[in-house]
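1. What follows is a predicted protein model with its sequence.
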Amino acid sequence: MARPSVTLHRIEFADWRAVHSWASLPQVCRFQAWGPNTEEQTRAFVATAVDAWAHSPQQRFAYTARVEGTVVGMGELHVRSRRQRQGEITFALHPRFWAQGVGTAIGRGLLAQGFAGQGLHRIHATCDPRNLGSARVLAKLGMTWEGRHRHTALIRDGWRDSEMFSILEDEWREAGPPQQAGGHRGPGDNEGSSYGCQPSTARRR
């Protein structure tokens, strides 16, 4: 079965209803400290993500993921340290598009932005040990499992552990440019490289 073509676009406030279509679902936030969101919470989240594009130096890069023009998910790159060139990727996806390669496409785009666009040296991501789908996506991205951090977040069913994955710039470059559809698009953005990722890994801040 053909994989859907995925493009990443700089998030806009008008995207909040699409974001809310999955941020309000219990299965999407099952392993997260946030959600299910009210409309007010989603609007506030999207407004903050949009505002981050105006910060200098910019530390947060939030994108929506589109399939045939429809917003189906989102991903974020967080620059955790400019001096140490450290970053983190997070993502979320509507359940209708789980297990179709869309998450992996988002993740690859975020890694391209982090390494090629921002000059980072190491990028990490985390997921709940029970979130096997997200763990598989992070492995597909070429990220290395580093271990388990205990009790990193208090969620609805108790303390959550986090699996830690990371990839270094040399490892990303050695893998070569990913050959899948997509590009970063949005006001002021150049069309960029392609991407990857999956459900419920994203941590909202």
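-> In hand now; what should we look at? Numbering: from 1, shown residues only.
2. give the contact list for His78.
-> 59-61, 87-90, 205 (C-beta atoms under 8 Å, 6 or more residues apart in numbering). The way it works is simple: take the backbone N, C-alpha and C, and place the C-beta from them, glycine included.
3. so it is in which element?
-> Counting by DSSP states H and E, the element that carries His78 is strand 70-81.
4. Buried members of the contacts of His78 into PyMOL, please.
-> Command for PyMOL that selects the buried part of these, burial taken from 16 or more other C-beta atoms under 10 Å:
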select buried, resi 61+87+88+89+90
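5. Would you mind putting the contacts of His78 into TSV with distance to Phe115, pLDDT and secondary structure alongside?
-> Formatted as TSV, the entries for those read as follows, by distance: C-beta to C-beta, whole Å; pLDDT from 0 to 100; DSSP: H, G, I helix; E, B strand; the rest coil:
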residue	distance to Phe115	pLDDT	secondary structure
Gln59	16	97	coil
Arg60	17	98	strand
Phe61	13	98	strand
Gly87	9	98	strand
Glu88	13	98	strand
Ile89	11	98	strand
Thr90	16	96	strand
Arg205	22	33	coil
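6. Low-confidence stretches in the chain?
-> Low-confidence segments of the chain, defined by pLDDT under 70: 1-2, 177-205.
7. ok, which stretches of it are strands?
-> Ranges of strands in the chain, per DSSP state E, are 6-10, 60-67, 70-81, 86-93, 122-127, 144-155, 158-168, 184-185.
8. got the buried residues for the third one?
-> So that's strand 70-81. Within strand 70-81, the residues scored as buried using 16+ other C-beta under 10 Å are 71-79.
9. I would like the residues contacting stretch 156-170, please.
-> Defining contact as C-beta under 8 Å, 6+ apart, one finds that stretch 156-170 is touched by 31, 33, 111, 115, 120-129, 135, 138-139, 141-154.
10. Make a PyMOL selection of the buried ones in those residues.
-> Isolation of the buried members of the contacts of stretch 156-170 (16+ other C-beta under 10 Å) is achieved in PyMOL through the command below:
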select buried, resi 31+111+115+120+122+123+124+125+126+127+128+135+138+141+142+143+152+153
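11. Mind putting the buried residues of strand 70-81 into CSV with distance to Arg173?
-> Below are the buried residues of strand 70-81 laid out as CSV (distance: C-beta to C-beta, whole Å):
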residue, distance to Arg173
Val71, 30
Val72, 29
Gly73, 26
Met74, 26
Gly75, 20
Glu76, 22
Leu77, 17
His78, 21
Val79, 19
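12. Max pairwise distance over the residues you listed: which two?
-> The largest separation in these, counting by C-beta to C-beta, is between Val72 and Val79 at 25.2 Å.
13. Quick check: which helices or strands does the biggest helix by length in the chain pack against?
-> Within the chain, and with DSSP state H defining each element, the longest helix by residue count is helix 39-51. Helices and strands touching helix 39-51, by 3 or more C-beta pairs under 8 Å, 6 or more residues apart in numbering; DSSP states H and E, are helix 16-23, strand 60-67.
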